[in-house]
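>>> heads up, no residue letters with this:
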């Protein structure tokens, strides 16, 4: 422990994100980078100046592609679609994934549909990523929060339609991408609509091997209306829908026939800096998600199965910022949400009656929470921040069928009530004009998920076990320690960060040798249980150099280490990874060369079915050209990813699923 704490004092996180234009280094604690119409913002665990707008975006990139560029986030990949984000090892119920502050729960027991799957860059305004001690403001979590903010209608051009059209093609999967975004304003009203269509076939990995069942199709559309009530107040209504079909998951035994999401909200916003309560918003929302897994297109299936899942959430929240005096302010949020989940499985065996069971017995979670952060700035060189949050969570089974099935796991379950507590303290100090130090410490908790409490014979293809829930499992608790150092001069910025987390009551699978499997060929049965503790630590490094106005160089390195109480490695821990990019931009033309490399991961968890992952080295190239035709801005992007056609996979890719090989792409964007 002492070794890690001393190490933290000289380490700090950093990164930059995909961007379209160069931006000089600032001293803002919130870095916001424009990616075409998308603004990517990362709220880092410490006040952080942002690095240069460096990486050139692919206009056809999915949200997962953009997330994977952020320093705090890695991606768990089961196919070309529905990739699951993790924040420094933590994923699923250990983190919050929000849309405009709204809770969204996937409807798939196999985690094929994280909330990020339903958002497209065309209808997204910015991403906010909060880690560690800052990540529980919107909901109790030990890993942090990803908040996706939808684009808002603009009043810039009255009685005139403005927008952008994008079209693209990629060779690795013969994928087509089309999107459009429109904005219209008239008087006190403004409207924004967007639509996206994606059609991707089975992609080729390095060497030209076709990866079967990696195809997908989807449409995504949204509409937003804003009414300006007065100079400081406006009302906004949003609706977003996403429909996907024929979605393959090559690392899993089943695919998705159809998945749909409907998300709606109504909100009121106020901003008046002359008042003590100078900024606040209130919102009510509802969302419904349906997800249908099937294996009808898979060959040699011993028993055909259908697995539909449904998720419905209604909620509300209010947050604001209150100025106490010239040196102090208070940030607060009150929220509540109710989520209903159900999933089932029907098995069709030739010559036998159909078999049916609930894989998520009908359950409802009601959560009510309040958070507050007090900020004090004694002078121009120091800032102190104290934060806290409480949540009351009520979990219940809602039908007699669900209660009867769970009675197999426990003799009595009459619902449960959990009271969660989170608190953190952070201090930042500037030393001269070049150095800034930040340190923080916190205590956080998170609720077990519906799968961890009520899951019933859910097959995990990663380790080959059927999993059972545990209705009495305890919430996870974590002690978080973080520190960072930033060195900043005119044309160079260097940043280090580090963190150490000790998680008690860590939730993991425990083998149940007395139980029989449900899935044909499964290795056995595991039930979710608490292990005494785990230790998770990591460090990240970044350097930015701007040797001349037209040139930029960025290099980042990140590393994570995680072990359980018996000193065994935890599963899904990414190895040391480096991304180095050189970009040159001259007027209308830009050129970028990027290398991506990872070391071999040999610290593996054999009890979770892992094997060693080889290291890899990739080269990517990107070219861009911007011009004006008939008073319309036209942008052409071409590039090649994985230029050397390397066959590789990352350690977080399920089933050692090979990633795409050499991929040429072309993208055209017209703004009007």
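Nice, I can see it. What you see is a predicted model; the values in this text were computed from it and never measured.
>>> ranges for the strands of the stretch 401-550 of the chain?
Applying DSSP state E, counting those that start in this stretch to the stretch 401-550 of the chain gives strands spanning 416-431, 435-446, 458-460, 465-468, 476-489, 492-511, 524-548.
>>> actually the stretch 201-350 of the chain, not the one I typed
216-228, 233-247, 255-271, 277-294, 304-325, 328-348.
>>> got the angle between the fourth one and strand 255-271?
Spelled out, that is strand 277-294. With axes from the mean of the first three to the mean of the last three C-alpha atoms, to 10 degrees applied, the angle from strand 277-294 to strand 255-271 works out at 170 degrees.
>>> Adjacent strands (with direction) for strand 277-294?
Strand pairing for strand 277-294, determined by DSSP bridges: strand 255-271 (antiparallel), strand 304-325 (antiparallel).
>>> now those as a markdown table including mean pLDDT, mean neighbour count and distance to residue 648?
Glycine gets a C-beta too; all of them are placed from N, C-alpha and C. As requested, the strands paired with strand 277-294 are arranged in a markdown table below (pLDDT from 0 to 100; neighbours: other C-beta atoms under 10 Å; distance: least, C-beta to C-beta, whole Å):
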| stretch | mean pLDDT | mean neighbour count | distance to residue 648 |
| --- | --- | --- | --- |
| strand 255-271 | 96 | 19 | 24 |
| strand 304-325 | 96 | 18 | 31 |
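>>> would you turn those into TSV with distance to residue 602?
Converted to TSV, the strands paired with strand 277-294 look like this (distance: least, C-beta to C-beta, whole Å):
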stretch	distance to residue 602
strand 255-271	32
strand 304-325	35
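>>> Tell me which of those approaches residue 535 most closely.
Smallest distance to residue 535 across the strands paired with strand 277-294 (C-beta to C-beta): 33.4 Å, for strand 304-325.
>>> after whichever helix or strand residue 554 is part of, next one along is what?
Counting by DSSP states H and E, the element that carries residue 554 is strand 551-564. Helices and strands here follow DSSP H and E; after strand 551-564, the next one along the chain is strand 577-586.
>>> for that following strand, which positions count as buried?
For strand 577-586, a neighbour-count test (16 or more other C-beta atoms under 10 Å) marks 577, 578, 579, 581, 582, 583, 585 as buried.
>>> what does stretch 526-539 give?
526-531, 533-539.
>>> just to revisit the earlier point, which one, of the strands of the stretch 401-550 of the chain, ends up nearest to residue 162?
Closest approach to residue 162 among the strands of the stretch 401-550 of the chain (C-beta to C-beta): strand 524-548, 32.9 Å.
>>> any idea which of the buried residues of strand 577-586 is closest to residue 107?
Comparing those against residue 107 with C-beta to C-beta places residue 577 closest, at 32.0 Å.
>>> what is the closest one paired to in the beta sheet?
residue 558, residue 598.
>>> Go ahead and confirm it touches residue 557.
Yes - counting by C-beta atoms under 8 Å, residue 557 is a contact partner of residue 577 at 7.2 Å.
>>> In what element of secondary structure is residue 177 found?
Assigning secondary structure by DSSP H and E places residue 177 in strand 175-186.
>>> So which other helices or strands are in contact with that strand?
In terms of contacts (3 or more C-beta pairs under 8 Å, 6 or more residues apart in numbering; DSSP states H and E), strand 175-186 is packed against strand 162-170, strand 189-200.
>>> count of residues packed around the residue lying closest to residue 544 once chain neighbours are set aside?
Of all residues not flanking residue 544 in the chain, residue 493 sits nearest, at 4.6 Å (C-beta to C-beta, 6 or more residues apart in numbering). When neighbours are counted by other C-beta atoms under 10 Å, residue 493 registers 22.
>>> pLDDT score for residue 493?
Here the pLDDT value assigned to residue 493 is 87.
>>> What's the separation between it and residue 542?
Plainly put, residue 493 is 8 Å away from residue 542 if you go by C-beta to C-beta, to the nearest Å.
>>> Find the least confident helix or strand in this structure, judged by mean pLDDT.
In the chain, no helix or strand scores lower on mean pLDDT, DSSP states H and E than strand 18-19, which sits at a mean of 33.
>>> Now residue 119: phi and psi?
Dihedral pair for residue 119: phi -120, psi 140, per degrees, to the nearest 10.
>>> again with residue 118
Backbone torsions of residue 118, given as degrees, to the nearest 10, read phi -100, psi 0.
>>> And for residue 133?
Dihedral angles (degrees, to the nearest 10) for residue 133: phi -70, psi -10.
>>> Pull the contacting residues for it.
Residues counted as contacts of residue 133 (C-beta atoms under 8 Å, 6 or more residues apart in numbering) are 45, 387, 424, 425, 426, 440, 441, 442, 444, 480, 482.
>>> The residues you listed, buried ones only, as a PyMOL selection?
If you want just the buried ones from the contacts of residue 133 in PyMOL, going by 16+ other C-beta under 10 Å, the selection is:
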select buried, resi 45+387+424+426+440+441+442+444+480+482
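>>> Please name whichever of the contacts of residue 133 scores lowest on pLDDT.
Across the contacts of residue 133, the smallest pLDDT goes to residue 45, namely 37.
>>> Correct me if wrong: residue 581 contacts residue 591.
No - using C-beta under 8 Å, residue 581 is not in contact with residue 591; the gap is 11.2 Å.
>>> quick one: which of the strands of the stretch 201-350 of the chain is nearest residue 474?
Closest among the strands of the stretch 201-350 of the chain, using C-beta to C-beta: strand 328-348, at 20.5 Å.
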